[in-house]
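J.: Model the following, please.
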Amino acid sequence: MPQEFYNALITTGTLHIIALSGMNISILAALTAKTTLFLGRKASSIFTICLIVLFTIFVGASPSIIRAAIMGCLSLIALYFGRQRSAVLSLFFASGIMLLLNFSLIKNISFQLSFLATLGVILATRKSECYKRKSAIDQLKFTIYENLKLTLSAQVFTLPVILYNFHRLSFIAPLANLLIEWAIQPIMVLGLITAFIGWIWLPPGFILAWITWVPLTYLITIVELLARIPGASISF
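T.: Okay, the predicted model is just below:
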């Protein structure tokens, strides 16, 4: 990765998008659960749990990945047995297990950021009746509001750790994350399919690569443009 773009990610507070995190597990679990739902709820849950475990082994057991994997598996186990799911309970249970096995993780910055960001997102999430409105404009406003709320909540919860360890404050981060958030899932899913199809047969892989290029170029362009804004972030 070019150093200039890496610095742009830091300036815009979007460096997290290139790190394996709970978001990758969430996208993988949601996509797998939807595509295997025709097998039945229980079979879909078992298949998704197995895929989460394989993905964790494949990418490496970093603290954020392990935490997300445990939470994902707990939710799917609850679904399998027809129990209610509690995101907050899953977060504290998963983190508690990890700390019991390795208490030194409490000093791990990745673990701290992952826990705080997830807690912020969970607490900011709530059900709303806005989606029941027929107006497309109302739905668009609601989507923007929800994404901004979740982004700000995650950043507020992680801000103390970031300030203490990295001595940097990004003023443009809320806007940057809001603008690129929608592109992350298509890039991850299309990139995975492109790699798999291209490995089997290269010509269709090229076609999929051009499709993936569209959201990826958008994301890179937004990050680079926002990073050039004077005073986008400060270091101290």
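J.: In terms of secondary structure, what does the helix or strand of the chain with the lowest mean pLDDT contact?
T.: Ranking every helix and strand in the chain by mean pLDDT, DSSP states H and E puts helix 22-35 at the bottom, with a mean of 79. Judged by 3 or more Cβ pairs under 8 Å, 6 or more residues apart in numbering; DSSP states H and E, helix 22-35 is in contact with helix 41-59, helix 63-80, helix 173-200. In this view, the C-beta of every residue, glycine as well, is placed from N, C-alpha and C.
J.: okay, and for the chain, where does confidence drop off?
T.: The model of the chain has pLDDT under 70 over residues 20-21, 126-135.
J.: what about the longest helix in it?
T.: helix 136-166 (DSSP state H).
J.: Residues in contact with the following helix or strand past that one: which ones?
T.: Downstream of helix 136-166, the next assigned helix or strand under DSSP states H and E is strand 168-170. Contact partners of strand 168-170, identified using Cβ atoms under 8 Å, 6 or more residues apart in numbering, comprise 10-13, 159, 162-163, 176, 232-236.
J.: Would you mark the buried spots in the longest helix of the chain?
T.: Using 16 or more other Cβ atoms under 10 Å as the test for burial, helix 136-166 gives 142, 146, 150-155, 157-158, 162.
J.: These into TSV, with extra columns for distance to residue 227?
T.: Below are the buried residues of helix 136-166 laid out as TSV (distance: Cβ to Cβ, whole Å):
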residue	distance to residue 227
142	29
146	26
150	22
151	17
152	20
153	23
154	20
155	17
157	24
158	20
162	17
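J.: So which of those is the closest to residue 184?
T.: Nearest to residue 184 among the buried residues of helix 136-166, counting by Cβ to Cβ, is residue 151 at 12.0 Å.
J.: so what's the residue nearest to that closest one when sequence neighbours are not counted up against?
T.: By the measure of Cβ to Cβ, 6 or more residues apart in numbering, the closest residue to residue 151 outside its immediate chain neighbours is residue 177, 4.5 Å from it. Applying Cβ under 8 Å, 6+ apart, we find residue 177 in contact with 13-14, 151, 155.
J.: The nearest residue to residue 180 once chain neighbours are set aside: how many residues sit nearby?
T.: Among residues not flanking residue 180 along the chain, residue 219 sits closest, at 4.9 Å (Cβ to Cβ, 6+ apart). Each residue near residue 219 was counted by other Cβ atoms under 10 Å, and the total is 21.
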